[in-house]
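[1] Quick one, fold the following:
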Amino acid sequence: MKRRDFSKQMAGAGLGLAGLSLTGAVRAQGAPVEGTHFVRLSQPAPVTLPTPDKKIEVVEFFWYECPHCNAFEPQLEAWAKRLPADVYFRQVPVGFTARHQVGQKVFYALEEMGQLTALHRKIFAAIHVQNKRLSTEDDVTAFVAANGVDGAKFTEAYRSFQVNTKATRARQLSDAYKIDGVPALGINGRYFTSGALAGSHERALAVADYLIGRSRQKA
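    Got it, this is the predicted structure:
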């Protein structure tokens with residue numbers, strides 16, 4: 001979903017899930033091409049690694065209300081579980097507009113409360129399966145309270161300095177990667193790819209695998 005027109009679905013059937021395996025996708029289409037299937041940043045983006053054994057950071061930029069992010073989430077989750085031990089994966093919600101920033105603060109408030117794992121997929125399902133509106137602070141507070149989270153504590157976290165700081169840093173990182181649509185994958189502060197660039201969500205993961213290897217060789 002493009003930054004300039006986030007209320008409309010991205011055109012083109014090329015964003016659908018492909019039927020090939022990740023390895024098969026690469027083999028069938030050849031090695032990823034810079035400028036076509038991925039972009040190399042002219043200025044590196046910041047990288048955050050939690051421990052010395054983690055050498056390569058992969059970031060998924062997303063928005064809860066994006067239908068493509070929702071479709072991508074199960075495949076992304078399965079892929080992330082198979083990543084090598086030296087790769088650190090994290091998700092970063094984008095904050096293109098005030099409406100996007102609601103989702104950012106929900107993500108980081110739940111993270112601060114230790115409730116993100118429990119509610120992350122439920123938020124996607126509420127929006128895209130149950131057709132719930134979760135685009136305001138009141139909307140999301142009512143939703144999390146209905147799902148067992150203390151509403152007052154959530155509001156406190158949502159409005160906290162820590163959450164606002166994390167949201168600001170997330171916006172700075174998406175700007176550094178020059179992200180203008182989601183879902184997108186940033187690799188080690190050097191590259192980014194997406195379903196739109198690679199040709200499908202599955203192909204984007206294959207390109208990310210390629211870029212992880214490329215980053216490792218240059219480490």
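
[2] check contacts around the closest residue to residue 32 other than its chain neighbours.
    Distances taken as CB to CB, 6 or more residues apart in numbering put residue 207 closest to residue 32, at 4.5 Å, once the chain neighbours are dropped. From N, CA and C alone the C-beta is placed, and that goes for glycine too. Counting by CB atoms under 8 Å, 6 or more residues apart in numbering, residue 207 touches 32, 37-38, 185, 193, 197-198.

[3] Write a PyMOL command that selects only the buried members of the residues you listed.
    To isolate the buried members of those in PyMOL, using 16 or more other CB atoms under 10 Å:
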select buried, resi 32+37+38+185+193+197+198
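
[4] Now tabulate the contacts of residue 207 in TSV and tack on secondary structure, pLDDT and distance to residue 115.
    Below are these laid out as TSV (DSSP: H, G, I helix; E, B strand; the rest coil; pLDDT from 0 to 100; distance: CB to CB, whole Å):
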residue	secondary structure	pLDDT	distance to residue 115
32	coil	94	37
37	coil	97	36
38	strand	97	34
185	strand	98	25
193	strand	98	30
197	helix	96	33
198	helix	96	33
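
[5] where in this structure is pLDDT low?
    1-29, 219 (pLDDT under 70).

[6] So which residues of it form strands?
    For the chain, the strands defined by DSSP state E occupy 39-40, 56-62, 87-93, 184-187, 191-194.

[7] wait, which of these is closest to residue 170?
    Smallest distance to residue 170 across the strands of the chain (CB to CB): 4.9 Å, for strand 87-93.

[8] Check which residues of the closest one are buried.
    87-89, 91-93.

[9] Ok, stretch 205-219 next?
    Going by neighbour count (16+ other CB under 10 Å), the buried part of stretch 205-219 is 205-212, 214-215.
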